[in-house]
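Undergrad: quick one, structure for this:
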Amino acid sequence: MNSTDDEILFIGTAEAEHVEMYLKAIWHIKERNDPVKISTIAKMLHVRQPSVVQMLKKLNTKDLVEYNKAGVSLTENGERIGASMMRNSRLLEVLMDSALKVEIDEEMVCGIEHHMNKQFTDALCTMLNHPRKCPHTHDIPMGECCENKDLN
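TA: Have a look, this model is predicted:
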């Protein structure tokens with residue numbers, strides 16, 4: 001077997017995935033029209049509140065959130081990443097539930113969603129016929145592939 005036949009393995013960066021999970025959590029809390037509080041983020045992500053504060057400060061310097069005494073809000077970049085993560089996870093849930101007819105595995109969804117690029121996500125969305133709701137009846141953020149479709 002020559003070297004071109006070798007499988008290529010990738011190690012994901014935990015840091016990038018943590019950032020995405022925080023943005024997704026904030027996006028989801030906002031979607032529920034709940035106030036975005038440190039305690040709510042901590043509970044959703046199963047982390048301690050000081051860890052949330054530390055990450056919010058980091059996200060603030062990366063211009064992904066605005067974090068101050070007034071509270072927490074997503075910047076335009078943070079909103080885009082949070083919506084993208086939510087879109088990925090909800091499309092994967094539709095794939096598991098409707099297309100594959102397997103039980104939704106949230107841990108698996110959380111593992112895969114970080115590795116989906118736009119091309120893959122749009123192809124998955126198109127294959128699933130641009131679903132507007134996930135199996136939990138939450139809205140799925142639309143992508144460019146949905147914009148020219150006559151959707152209900």
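Undergrad: residue contacts, Leu92?
TA: Contacts for Leu92 (Cβ atoms under 8 Å, 6 or more residues apart in numbering) come out as Met108, Val109, Ile112, Glu113, Leu124. The way it works is simple: take the backbone N, C-alpha and C, and place the C-beta from them, glycine included.
Undergrad: repeat that with 10 Å
TA: By Cβ atoms under 10 Å, 6 or more residues apart in numbering, Leu92 lies in contact with 100, 104-106, 108-113, 116, 121, 124, 128, 134.
Undergrad: got a ChimeraX select line for the buried ones in the residues you listed?
TA: In ChimeraX syntax, the buried subset of the contacts of Leu92 is picked out as below (16 or more other Cβ atoms under 10 Å):
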select :104,109,110,113,116,121,124,134
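Undergrad: which of the contacts of Leu92 lies closest to Leu74?
TA: The nearest member of the contacts of Leu92 to Leu74, counting by Cβ to Cβ, is Glu113 at 17.5 Å.
Undergrad: from Met21, how far off is the spatially closest residue to the closest one that is not a sequence neighbour?
TA: Counting by Cβ to Cβ, 6 or more residues apart in numbering, Glu113 lies nearest to Asn88, which is 4.0 Å off, once chain neighbours are set aside. From Asn88 across to Met21, the span is 12 Å (Cβ to Cβ, to the nearest Å).
Undergrad: between those two, which one's more packed in?
TA: Neighbour count, other Cβ atoms under 10 Å: between Asn88 and Met21, Asn88 has more, with 26 against 20.
Undergrad: what about the more buried one, which helix or strand?
TA: helix 76-94 (DSSP states H and E).
Undergrad: now that helix, how far from the chain's geometric center?
TA: How far helix 76-94 lies from its chain's middle: 4 Å, per Cα atoms, centre = their mean, to the nearest Å.
Undergrad: and stretch 94-106, by the same measure?
TA: Offset of stretch 94-106 from its chain centre (Cα atoms, centre = their mean): 17 Å.
Undergrad: so after the helix holding Asn88, what's the next helix or strand?
TA: helix 106-112.
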